[in-house]
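Novice: Please find the sequence and the predicted model below.
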Amino acid sequence: MNDSKNKVLSGLIWKFGERISAQVVTFVVSIILARLLPTEAYGLITLVTIFITFANCVVTNGFGSALIQKKDADNTDFSSVLYFQLFAATVLYIILFFTSPLIASFFGDGYELLSPVLRVLGLRIPLTAINNVQHAFVSKKMIFRKFFFATIIGTIISAIVGIWMAYKGYGVWSLVAQKLSNAFVNAVVLWISVKWR
């Protein structure tokens, strides 16, 4: 019983540390990027994020929570959810890829960059499918320490990428690279450190 309490307390401390440190780094990076980038870049990313967030909701759709709540969830359950989510994410990304010019034309002149940005940043959809299952496994096993390191490494690397690209004048692409590299590094670190496959 005491061991279980220690595990819960340790999990809470790691989770709290992960959230606080990620928010602090993100806040500082946002201030720096706001000084380096035009406001139009943020507006474009906000529009793109609407479509990607909607697609991510369709892909994940509570499967991670179901894995956490299922008492006897095993590696087969996690693998099944992963493959299903990857398939759904791939289908949605293909739809988004081919409809992105229509979406850009819907918003009119001045939004020509919306289509390529949506196509590149849309790669976060499959990464979210992978991360969703990894996060469910970490939460179920209460190994938040691994999640802490994945988040911190992803946040710091993406901050460096975003700030460097913004400083070099890449504009909206620095925000795209920041968001994409964060999701990618997070997925890779968890994939290496969490062995459930």
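Specialist: Looks like it arrived, so ask away.
Novice: now for the lowest-mean-pLDDT helix or strand in the chain, which elements pack on it?
Specialist: None of the helices or strands of the chain scores lower by mean pLDDT, DSSP states H and E than helix 63-69, at a mean of 78. Packing partners of helix 63-69 (3 or more Cβ pairs under 8 Å, 6 or more residues apart in numbering; DSSP states H and E): helix 75-107, helix 124-141. The C-beta positions use only the backbone N, C-alpha and C, and glycine is treated the same way.
Novice: between those helices, which gets nearest to Ile31?
Specialist: Relative to Ile31, the nearest member of these by Cβ to Cβ is helix 124-141, separated by 23.1 Å.
Novice: got the angle between that closest one and helix 75-107?
Specialist: Interaxial angle, helix 124-141 versus helix 75-107 (axes from the mean of the first three to the mean of the last three Cα atoms, to 10 degrees): 150 degrees.
Novice: Show me which positions of helix 124-141 end up buried.
Specialist: Using 16 or more other Cβ atoms under 10 Å as the test for burial, helix 124-141 gives 124-140.
Novice: I figured Val161 hits Ala177, correct?
Specialist: Yes: counting by Cβ atoms under 8 Å, Val161 touches Ala177, with 5.1 Å between them.
Novice: State the distance from Leu37 to Tyr167.
Specialist: For Leu37, the distance to Tyr167 equals 10 Å [Cβ to Cβ, to the nearest Å].
Novice: Who has more neighbours out of these two?
Specialist: Leu37 (20 against 12; other Cβ atoms under 10 Å).
Novice: Can you check the pLDDT for that one?
Specialist: Looking at Leu37, its pLDDT reads 90.
Novice: again with Phe78
Specialist: For Phe78, the predicted pLDDT is 82.
Novice: That one contacts Phe137, correct?
Specialist: Yes: with contacts counted by Cβ under 8 Å, Phe78 reaches Phe137, the gap being 5.8 Å.
Novice: ok, longest helix in the protein?
Specialist: The residue-count maximum for a helix in the chain (DSSP state H) belongs to helix 2-36.
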